[in-house]
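**Student:** need coordinates for the below:
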Amino acid sequence: MHRRSIDVALTAAAPIIWGTTYLVTAELLPADRPLWSGAYRALPAGLLLLALTRRRPRGAWWWRAALLGALNIGAFFPLLFVAAYRLPGGTAAVLGAAQPLLVAALTVAVLRERPGRPALFAALVAPLGVALVVLRPGAGLDPLGVAAGLAGTAAMATGLVLTRRWGRPAGVGTLAGTSWQLVAGGLLILPVAVAVEGAPPAPDGPALLGYAWLGLIGTALAYALWFRGAARLPVTRVSVLGALSPLTAAALGWLALGQALNPIQLVGFAVAVTAMVLGQLPGRPSGDPATGPTLTRRAGVATPAPRRPDPAAPRAAARPRRRAAT
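**Tutor:** From the prediction side, this is the model:
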C-alpha cells in the first residue's frame, strides 16, 4: 500500500506541473506562437534525455516510439493550442477532463481490463467538478475548437493506453522511453510550426526562463513521471489524475494573478478532488466465481487467471484404488 501511494503521488505531480503551463505562457512567453512553444518544449527536452540515457530504439520500437510520440506530443500539443485559442471560458479544459472516459473505453477494448467502480465513478464526476471551476457564462462552442479539443483528448488517451500495453523494452528505463517520445513528437511539431508561424521567435530573458521551466520541468520531468505511472498503475486511475492540471491552473490564477474564485468554483474544486481521491481506491477484485475466470496480463500477453483448486480433488486422489476381483 505504501509503494502504491508513492506511485500515485509521483504520477499526480505530472498534471500539477502541467498546470503551471498557463501561468508561465501568459507571463513569460511570446504571444501568438503556440506551435513554436510546443516545439521548444518537447524537442530540446527529448534530446537532453536522449544524450543522458544514450539508448536508442531497436526493432519494432522505432515505429512504436514514433506513434506514441505522435499521439502524446506531436498531435496533442497543436490540437490543445487550437482548442485553447478557439474555445473561451475553459471549455478546452473540460474537454480534456473527459479523457478518463475515453481511457476507460479503450482499457476494455485494447487491454481487455475492466476498470473498477471507483475509477469509473471518478471518470464521470471529476469532469463535472472541473467544469464548475473553469467554465464561465457564455462560454463558446466553436465547432473547430471542439473538434480539436476532442481529437487532442482522444490522442492522449490512446497514447496512454498504448504506453501501458507496450510498456518498455527490457533494460530500458523511463527516461530513455520518454526521450524517444519527446524527440519524435518534437520533430513532428517542427515543420508545422515553420509552415504556420514562420521563423522561430528570438527568445528574450523571460522567455528563456519560461522555456527552461516548460522544457526541463514541465516536459522532461513531468512526462517521465506520467509514463512511469502509466506503467505501474491502472490507466483509468492515472487518467483521472489529469484533472489536477486545470485545477492547478485555476489555483495559480487565484494566488498569482488575483483571479477570484466564487463559491461555485470552490464547490467544483471539492467535487473534482474528492472524485480523484475516490478514483484511487481499489475496486472489487476480478475473478468473481459468478463471472468465470478473468484475464491477467503478464509481459503484455493475456493469460487465463489460475482456477481455484477443487476442495474435493485431494480427497479423491487420496482414496486407495479398489482392486478388481480376481
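**Student:** how about low-confidence regions in the stretch 101-250 of the chain?
**Tutor:** For the stretch 101-250 of the chain, applying pLDDT under 70 flags the ranges 137-141.
**Student:** tell me where it has helices.
**Tutor:** Remark: helices of the stretch 101-250 of the chain, listed N- to C-terminal, are 117-134, 143-166, 174-197, 205-212, 222-232, 235-240, 244-256; assignment by DSSP state H, counting those that start in this stretch.
**Student:** the last one: what's the following helix or strand?
**Tutor:** Per DSSP states H and E, the first helix or strand lying C-terminal to helix 244-256 is helix 263-279.
**Student:** who does that following helix touch, helix- and strand-wise?
**Tutor:** The helices and strands touching helix 263-279, judged by 3 or more CB pairs under 8 Å, 6 or more residues apart in numbering; DSSP states H and E, are helix 117-134, helix 235-240, helix 244-256. (C-beta placed from N, C-alpha, C; glycine too.)
**Student:** how deep is the spatially closest residue to G253 that is not a sequence neighbour tucked in, by neighbour count?
**Tutor:** Spatial nearest neighbour of G253, excluding adjacent residues (CB to CB, 6 or more residues apart in numbering): Q259 at 4.0 Å. A count of neighbours around Q259, defined by other CB atoms under 10 Å, yields 12.
**Student:** next: P169.
**Tutor:** Neighbours of P169 under the rule other CB under 10 Å: 16.
**Student:** that one is in contact with A60, isn't it?
**Tutor:** No - using CB atoms under 8 Å, P169 makes no contact with A60, being 9.0 Å away.
**Student:** check contacts around G253.
**Tutor:** 22-23, 259 (CB atoms under 8 Å, 6 or more residues apart in numbering).
**Student:** and which of these is nearest to G145?
**Tutor:** Nearest to G145 among those is Y22, at 16.6 Å by CB to CB.
**Student:** distance from the helix or strand harbouring the closest one to the middle of the chain?
**Tutor:** Assigning secondary structure by DSSP H and E places Y22 in helix 21-28. Here helix 21-28 is found 21 Å from its chain centre; the criterion is CA atoms, centre = their mean, to the nearest Å.
**Student:** so which residues make contact with it?
**Tutor:** Judged by CB under 8 Å, 6+ apart, the contacts made with helix 21-28 from elsewhere in the structure are 37, 206-207, 209-210, 213-214, 218, 249, 252-253, 256-257.
**Student:** and stretch 193-211, which residues are buried?
**Tutor:** By neighbour count, and taking 16 or more other CB atoms under 10 Å as the criterion, the buried residues in stretch 193-211 are 193, 197, 201, 203, 207, 210-211.
**Student:** wait, which of the residues you listed is closest to F121?
**Tutor:** When those are ranked by distance to F121 (CB to CB), G210 comes first, at 37.4 Å.
**Student:** was I right to think that closest one contacts L29?
**Tutor:** Yes - between G210 and L29 there is a contact under CB under 8 Å: 4.8 Å.
**Student:** how close does G46 sit to R55?
**Tutor:** G46 sits 12 Å away from R55 when distances are taken as CB to CB, to the nearest Å.
**Student:** between the two, who's got more neighbours?
**Tutor:** Taking neighbours as other CB under 10 Å, G46 and R55 compare with G46 leading, 26 against 18.
**Student:** output the buried residues of stretch 193-211 as JSON lines; include the columns distance to A51.
**Tutor:** Putting those into JSON lines (distance: CB to CB, whole Å) gives the following:
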{"residue": "A193", "distance to A51": "23"}
{"residue": "E197", "distance to A51": "27"}
{"residue": "P201", "distance to A51": "25"}
{"residue": "P203", "distance to A51": "21"}
{"residue": "A207", "distance to A51": "23"}
{"residue": "G210", "distance to A51": "22"}
{"residue": "Y211", "distance to A51": "18"}
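**Student:** return the member of the residues you listed nearest to R136.
**Tutor:** Proximity of those to R136 (CB to CB) peaks at G210, which lies at 25.7 Å.
**Student:** the closest residue to A250 other than its chain neighbours: neighbouring residues, count only.
**Tutor:** In space, A250 comes closest to V133 once its chain neighbours are excluded; the distance is 5.1 Å by CB to CB, 6+ apart. By the measure other CB under 10 Å, the count of residues near V133 is 27.
**Student:** V133: what's it in contact with?
**Tutor:** Neighbouring residues of V133 by CB under 8 Å, 6+ apart: 90, 246-247, 250, 261, 265, 268-269, 272.
**Student:** and which of these is nearest to A123?
**Tutor:** Relative to A123, and with distances defined as CB to CB, the nearest of the contacts of V133 is A272, at 11.7 Å.
**Student:** measure that closest one to S5 for me?
**Tutor:** When distance is defined by CB to CB, A272 is 20 Å away from S5.
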